[in-house]
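Provide a 3D model corresponding to the input given below.
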Amino acid sequence: MTDSKYFTTTKKGEIFELKAELNSDKKEKKKEAVKKVIASMTVGKDVSALFPDVVNCMQTDNLELKKLVYLYLMNYAKSQPDMAIMAVNTFVKDCEDPNPLIRALAVRTMGCIRVDKITEYLCEPLRKCLKDEDPYVRKTAAVCVAKLHDINAQLVEDQGFLDTLKDLISDSNPMVVANAVAALSEIAESHPSSNLLDLNPQSINKLLTALNECTEWGQIFILDCLANYTPKDDREAQSICERVTPRLSHANSAVVLSAVKVLMKFMEMLSKDLDYYGTLLKKLAPPLVTLLSAEPELQYVALRNINLIVQKRPEILKHEMKVFFVKYNDPIYVKLEKLDIMIRLASQANIAQVLAELKEYATEVDVDFVRKAVRAIGRCAIKVEQSAERCVSTLLDLIQTKVNYVVQEAIVVIKDIFRKYPNKYESVIATLCENLDSLDEPEARAAMIWIVGEYAERIDNADELLESFLEGFHDESTQVQLQLLTAIVKLFLKKPTETQELVQQVLSLATQDSDNPDLRDRGYIYWRLLSTDPVAAKEVVLAEKPLISEETDLIEPTLLDELICYIGTLASVYHKPPSAFVEGGRGVVHKSLPPRTASSESTESPETAPAGAPSGEQPDVIPTQGDLLGDLLNLDLGPPVSGPPLATSSVQMGAVDLLGGGLDSLMGDEPEGIGGPNFVAPPATTVPANLGASMGSGLSDLFDLTSGVGTLSGSYVAPKAVWLPAMKAKGLEISGTFTRQVGSISMDLQLTNKALQVMTDFAIQFNRNSFGLAPAAPLQVHAPLSPNQTVEISLPLNTVGSVMKMEPLNNLQVAVKNNIDVFYFSTLYPLHILFVEDGKMDRQMFLATWKDIPNENEAQFQIRDCPLNAEAVSSRLQSSNIFTVAKRNVEGQDMLYQSLKLTNGIWVLAELRIQPGNPSFTLSLKCRAPEVSQHVYQAYETILKN
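The predicted structure follows:
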């Protein structure tokens, strides 16, 4: 009968019966009982009450029974640490058992019992097992050291286990070597600074010798360890590559990918002139191709890795295009990945084959796949110039199919082809215009509008086409609105007489009827340009465009080099370094390829820097979202450079301020240009006051605002409130408030003794909080606090304490101690005490940041019953470190653009609309951390209403 019977019983009073059976004299009955206990434990019943009875069964020679008891121990030792100590003697005894399987079982279980009290008892048995004569015991003990290190790192270091592990790397048994390497790698990952795996040519030689005789997982550990080694020269690199190459023919795909990682890394050091380099390239292709005959999930992982390899060394797989052709039964995720690699491998030699395949794919039924196939045809045209004509005719054939999504994708890619090969394929524009009505996706509509605007002079009815888009202007997406605005301005500059009404219409739609700041600002820039210097407008709007590059989705070189070092891991599937997705970044080390050696560098062209240049010379990888905006916006933009005087010549216009200098001419004489005397200037009130002023233009500040240093008067201070009533604190009453003055934050406290005894020995402590607020000095009450006495204290605070997100965000939990007791209370601090003095953002940076923060991060609030005018609002907010970056008047409304910065580097941008005579203001806030917005709004309310 099978063991499944143990899982079917659901009797009551079972524990009592089991207890009796566990204490039975009959061995068979005991074994049956332990099996029942394990079955109950497995299905989630609590059988911890039987702990002492099960532990008694440890004293047995029966290996099966011992395994079951050890399994029970591992599960319940944590909840019963005191009982678990009873088992220590048996472990010590079992570690000296003549049977190596029992010794290994004991040491394995010891490593799994994560109870601090027991660990020190286990050091002696573990030390013996590490030096055991049986390799099976030694290899198990090696892994146990890593487990013990995770529980108590200091203990492992003090007991000298790490040195013993290092000695095991020289062990005669390959499995022991592999486990020692695995254990040391695991420990080294959690302590990146410690140089545990001190690899040198001698130890590398031992690892390579063990490599051939290990189990497959042992080989992976050794190969991963080799990948972290940097050979001293190209000869050593070649020697290691020669000994690792046989692993490429292993049946386990993980071994193959680990070997590929080592070879890709060390190839970096080999000269391309070497015969061996060419041989190695040829040897790398077949194993990668073989990986593609596995099941789909493995294929996907292999394809993600191949994608990286092809970007680094396309020559490895350049003759293997056919294996990346899509099969009809491939899952969609494999199809899309193959398509990506096909384009990366496309060249003049194989383009005919590739195009024939892609055309076939474009008639498939899977919409996502068809879209990507059509895009791929466009990418081939851009990548292989000789094929561009064939690609365009293929795309035109696809447009003739009139399948809606195919047509839309084709138009998007034809726009890119026009950019890459200007004045070559414009004859197809007529065909594109026929499909105007069927376009409903924003990207396709925007592409079509761009084409019409760019080639307006070749399209007779360009104005009618663009006018048809203009009818539903407000229903379009932002992408389409921006493109339409630019296209109509281009059309106006090319055909001024016929399209004046059209351009006036689009400018007024963009500036007066739109809430989108990007659209509004672009509208104002065009309006100003057209009304002040039409020649400059032509230079700016119709400037020659740079050609687009062939590969827009290549991974940035330093990141690619790092990802090559992570082939075969999750990072190579995500195409992100581990630091981007490993929580807490514990033990994440940035890896890079080894630098090329002198002999191999000579073969490189002088422009290309060595791929693994020392970290000092490498461009910084873009900071993570976690850095928020702090670093980006603290960039020193340098002192204003005194540029040339504002020239009317259109060539210099690009280098100076596009919005500055034109104010006077706008109000006064209009230059007669494209629009002639009839061109209507935007009303004076709607001109944006130099929001995008160039730092380098040397213009004086149009707004006469202060430079943004916090005033000395300090920010608004709320009146003191009772935080801890006397009845809750045995007679101690605490009132308080928070202040910020000249850059320092304080908690102003009032302590009142309403008890009948004297109070002394005061101390204060804060819990972790959202912004790291902590006392910067002890709470000093200089004299004992007598009954009915009150004392006022100002406690300085800093923001370098421990951080933990609180609910609500500005919640602060405080503990106050005196000679009577410890008392706890919580209070909410106003966020404006965290607004720092250097929170004024430069205008250009404000514009760029506002556009960069996604629209979904924008929050709108109403501030009611505030009778102040714009000047008073600006000055009151400035005293609390909310700085006005710019101000303008739109249709009688005052618009204040403001910035503030929190102590943790988060920037908040604001737009405050004030209608003179109306006591309600509209506040729009944009921030990378939107959860802050509600509290910033509350700070605005508090400051403006008090």
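
what's the neighbour count on Gly111?
As a burial measure, Gly111 scores 22 neighbours (other C-beta atoms under 10 Å). All C-beta spots, glycine's among them, are computed from the backbone N, C-alpha and C.

for it, phi and psi?
phi -70, psi -20 (degrees, to the nearest 10).

where does the prediction get shaky in the stretch 651-800 of the chain?
Scanning the stretch 651-800 of the chain with the threshold set as pLDDT under 70 gives 651-714.

show me the helices in it, by range?
Assigned by DSSP state H, counting those that start in this stretch, the helices in the stretch 651-800 of the chain fall at 663-667.

quick one, strands of it?
Counting by DSSP state E, counting those that start in this stretch, the stretch 651-800 of the chain has strands at residues 721-724, 732-741, 744-753, 763-766, 774-775, 790-798.

so what touches the last one?
Spelled out, that is strand 790-798. 738-739, 744-753, 764, 773-777, 779-781, 783, 785 (C-beta atoms under 8 Å, 6 or more residues apart in numbering).

mind checking how far Gln820 is from Phe762?
One thing to correct before we go on: residue 820 is Ile, not Gln. Computed with C-beta to C-beta, to the nearest Å, the distance linking Ile820 and Phe762 is 11 Å.

ok, those two, which is more surrounded?
Between Ile820 and Phe762, Phe762 has the larger neighbour count (other C-beta under 10 Å), namely 20 against 16.

distance-wise, check that one relative to His782.
According to C-beta to C-beta, Phe762 and His782 sit 10 Å apart.

could you do Leu263 as well?
In terms of C-beta to C-beta, Leu263 sits 72 Å off from His782.

and the two? which has more neighbours close in?
Neighbour tally, Leu263 and His782, criterion other C-beta under 10 Å: the higher count belongs to Leu263, 24 against 6.

excluding covalently adjacent residues, which one is nearest to that one?
Distance criterion C-beta to C-beta, 6 or more residues apart in numbering; nearest residue to Leu263, sequence neighbours excluded, is Cys241 at 5.6 Å.

contacting residues for that neighbour?
Going by C-beta under 8 Å, 6+ apart, Cys241 touches 262-263, 266-267, 270, 276, 280.

change it to 10 Å
231, 259, 262-263, 265-267, 269-270, 276-277, 279-280, 283 (C-beta atoms under 10 Å, 6 or more residues apart in numbering).

for this structure, which spans come out with low pLDDT?
The chain contains residues with pLDDT under 70 at 1-13, 192-195, 550-552, 584-589, 596-714.

show me the domain layout of it.
As assigned by the TED database, the chain contains the domains 1-230, 345-437, 440-531, 719-828, 832-943.

can I get these in CSV with distance to Ser572?
Listed next are the domains of the chain as CSV, based on distance: least, C-beta to C-beta, whole Å:
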stretch, distance to Ser572
domain 1-230, 12
domain 345-437, 18
domain 440-531, 30
domain 719-828, 32
domain 832-943, 29
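
quick one, phi psi at the residue nearest to Leu263?
As for Cys241, its main-chain torsions (degrees, to the nearest 10) stand at phi -60, psi -40.

again with the one 10 residues further on
With angles defined as degrees, to the nearest 10, Ala251 sits at phi -80, psi -30.

so it touches Leu291, yeah?
No. Using C-beta atoms under 10 Å, Ala251 is not in contact with Leu291, being 11.3 Å away.

so the two - more neighbours on which side?
Counted by other C-beta under 10 Å, Ala251 and Leu291 do not tie: Leu291 has more neighbours, with 20 against 8.

got a list of what Pro854 touches?
Counting by C-beta under 10 Å, 6+ apart, Pro854 makes contact with 926, 928, 930.

surely the last one is in contact with Asn855?
No. When contacts are counted by C-beta under 10 Å, Pro930 is not listed as touching Asn855 (11.2 Å).

neighbour count: those two, which is higher?
Taking neighbours as other C-beta under 10 Å, Pro930 and Asn855 compare with Pro930 leading, 16 against 11.

and the next helix or strand past the helix or strand containing Val143?
Element membership of Val143 [criterion: DSSP states H and E] is helix 135-151. Sequence-wise, the next helix or strand downstream of helix 135-151 (DSSP H and E) is helix 153-158.

measure how far the helix holding Val143 is from the centre of its chain, please.
With C-alpha atoms, centre = their mean, to the nearest Å as the basis, helix 135-151 stands 35 Å off its chain's centre.

list the buried ones in it?
Neighbour-count burial for helix 135-151, counted by 16 or more other C-beta atoms under 10 Å, picks out 135, 137-149, 151.

do stretch 854-865 as well
Neighbour counts over stretch 854-865 (16+ other C-beta under 10 Å) mark 858-859, 861, 863 as buried.

surely Leu491 and Asn461 touch.
No. Leu491 lies out of contact with Asn461 (C-beta under 10 Å); the separation is 11.2 Å.

give me the common contacts of those two.
Here Leu491 and Asn461 have Val452 as joint contacts, going by C-beta under 10 Å, 6+ apart.

so which of those two has more stuff around it?
Leu491 (25 against 11).

give me the nearest residue to that one, chain neighbours excluded.
Nearest residue to Leu491, sequence neighbours excluded (C-beta to C-beta, 6+ apart): Ala456, at 4.3 Å.

neighbours of the one you found, just the number please.
Neighbourhood size, Ala456 [other C-beta under 10 Å]: 22.

grab the nearest non-local neighbour of Val301.
Leaving out its chain neighbours, the residue that sits closest to Val301 by C-beta to C-beta, 6+ apart is Val573, at 5.8 Å.

pretty sure that neighbour contacts Asn305?
Yes. Between Val573 and Asn305 there is a contact under C-beta under 10 Å: 7.8 Å.

of those two, who's got more company?
Taking other C-beta under 10 Å, Val573 and Asn305 do not tie; Asn305 has more neighbours (27 against 16).

my read is that that one contacts Thr569, right?
Yes. The criterion here is C-beta under 10 Å, and Asn305 meets it with Thr569 at 9.5 Å.

any residues in contact with both of the two?
By C-beta under 10 Å, 6+ apart, the residues touching both Asn305 and Thr569 are 257, 261, 563.

format those as JSON lines; extra columns: secondary structure and distance to Leu162.
Shown next, in JSON lines, are the shared contacts of Asn305 and Thr569 (DSSP: H, G, I helix; E, B strand; the rest coil; distance: C-beta to C-beta, whole Å):
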{"residue": "Leu257", "secondary structure": "helix", "distance to Leu162": "29"}
{"residue": "Lys261", "secondary structure": "helix", "distance to Leu162": "26"}
{"residue": "Leu563", "secondary structure": "helix", "distance to Leu162": "31"}
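
what's the closest of those to Val480?
Set against Val480, the nearest of the shared contacts of Asn305 and Thr569 by C-beta to C-beta is Leu563 (35.8 Å).

show me the contacts for the closest one.
304-305, 307-308, 311-312, 555, 569, 571-572, 574-578, 591.

let's see that with 7 Å instead.
308, 555, 571-572, 575, 577 (C-beta atoms under 7 Å, 6 or more residues apart in numbering).

likewise for Gln481?
473, 519.

looks to me like it is in a strand.
No. Secondary structure of Gln481 (DSSP: H, G, I helix; E, B strand; the rest coil): helix, not part of a strand.

okay, now the closest residue to Asp518 other than its chain neighbours: neighbour count?
Nearest residue to Asp518 in three dimensions, chain neighbours excluded: Lys851, at 5.5 Å (C-beta to C-beta, 6+ apart). Look at Lys851: counted by other C-beta under 10 Å, it has 13 neighbours.

list the helices and strands the strand or helix carrying Lys851 packs on?
Using DSSP H and E, Lys851 sits within helix 843-852. Helix 843-852 sits against helix 517-532, strand 883-890, strand 907-914, with contacts defined as 3 or more C-beta pairs under 7 Å, 6 or more residues apart in numbering; DSSP states H and E.

what about that helix, distance to the chain center?
Here helix 843-852 is found 21 Å from its chain centre; the criterion is C-alpha atoms, centre = their mean.
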